[in-house]
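Student: sequence? don't have it. structure:
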């Protein structure tokens, strides 16, 4: 049982903690309230990544816009390419790497450093009506990987100093189609992980 003196100490501690948290929350809110956040295009963003220089990259995976910057330096918005079916972006140090598929079924890889123009390279051409999504990742060893899911098969494209190499990985047919229900990740051992949802309760790895 708490004595009166101990109860007073507890109440004082609780009040001080509440006041401290309230002040911190207020300062945090004020910081965000006065930040110059961008006005983004429709459809809204579904992906946000931050590079090693503190620059935030915002984009939508099914549209052609890319927004980057931070509250200190301001924001810039650009069009990646006209007629995009799907888009993915990754960053490494001060470079931005993007992969996208056009409505004609062309798979492009493009990259740039800050202050320079995009450089673009055609990787592959598919029938656009059978492509679900493209993803791009950079492995810890510095190699780039693109993955395209086309007709229930993963098409992988790896870039090294010798150029691009292509691979085909068979996957289990899905009971339904949705471009957002699979992901590619690369772990610290440079191993590629492809995970695809094949039913409402099942996954294929």
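Tutor: Here it is on my side, so go on. Values in this document were obtained by computation on a predicted structure and should not be read as measured data.
Student: only C-alpha atoms for contact and neighbour calcs from this point on.
Tutor: Will do.
Student: Flag the shaky bits of this protein, pLDDT-wise.
Tutor: Scanning the chain for pLDDT under 70 picks out the ranges 1-37, 172, 174-180, 198-205.
Student: Any idea what residue 95 is bridged to?
Tutor: Here residue 95 sits in beta bridges with residue 92, going by DSSP bridges.
Student: State the distance from it to residue 119.
Tutor: 12 Å (CA to CA, to the nearest Å).
Student: of these two, who's got more company?
Tutor: Using other CA atoms under 10 Å as the criterion, residue 95 and residue 119 rank with residue 95 on top: 14 against 11.
Student: Which residues are in contact with each of residue 95 and residue 119?
Tutor: 111-112 (CA atoms under 8 Å, 6 or more residues apart in numbering).
Student: how far away is the residue nearest the centre of the chain from residue 132?
Tutor: Central residue of the chain (CA atoms, centre = their mean): residue 47, 4.6 Å from the mean position. Per CA to CA, residue 47 is found 17 Å from residue 132.
Student: Which helix or strand contains residue 146?
Tutor: strand 144-150 (DSSP states H and E).
Student: helices or strands up against that strand?
Tutor: Counting contacts by 3 or more CA pairs under 8 Å, 6 or more residues apart in numbering; DSSP states H and E, strand 144-150 packs against strand 131-138, strand 153-160.
Student: Direction-wise, compare it with strand 153-160 and give the angle.
Tutor: Between strand 144-150 and strand 153-160, the angle comes out at 160 degrees (axes from the mean of the first three to the mean of the last three CA atoms, to 10 degrees).
Student: so who does the residue nearest to residue 100 when sequence neighbours are not counted touch?
Tutor: Leaving out its chain neighbours, the residue that sits closest to residue 100 by CA to CA, 6 or more residues apart in numbering is residue 87, at 4.3 Å. Neighbouring residues of residue 87 by CA under 8 Å, 6+ apart: 60-64, 98-101, 133-135.
Student: Relative to residue 50, how far out is residue 87?
Tutor: Taken as CA to CA, the span from residue 87 to residue 50 is 17 Å.
Student: hmm, back to that, so who does the residue nearest to the centre of the chain touch?
Tutor: Residue 47 touches 58-61, counting by CA under 8 Å, 6+ apart.
Student: Please flag which of those sit within strands.
Tutor: Within the contacts of residue 47, residues falling in strands by DSSP state E are 58-59.
Student: buried subset of the contacts of residue 47?
Tutor: With burial judged by 16 or more other CA atoms under 10 Å, the buried subset of the contacts of residue 47 is 58-61.
Student: Is it possible to get a markdown table of those that adds distance to residue 197?
Tutor: What follows is the buried ones among the contacts of residue 47, written out as a markdown table (distance: CA to CA, whole Å):
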| residue | distance to residue 197 |
| --- | --- |
| 58 | 25 |
| 59 | 24 |
| 60 | 21 |
| 61 | 18 |
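Student: Count the residues that sit near the residue nearest to residue 151 when sequence neighbours are not counted.
Tutor: Once flanking residues are discounted, residue 151 sits nearest to residue 130: 5.9 Å by CA to CA, 6+ apart. Neighbour count of residue 130, defined by other CA under 10 Å: 12.
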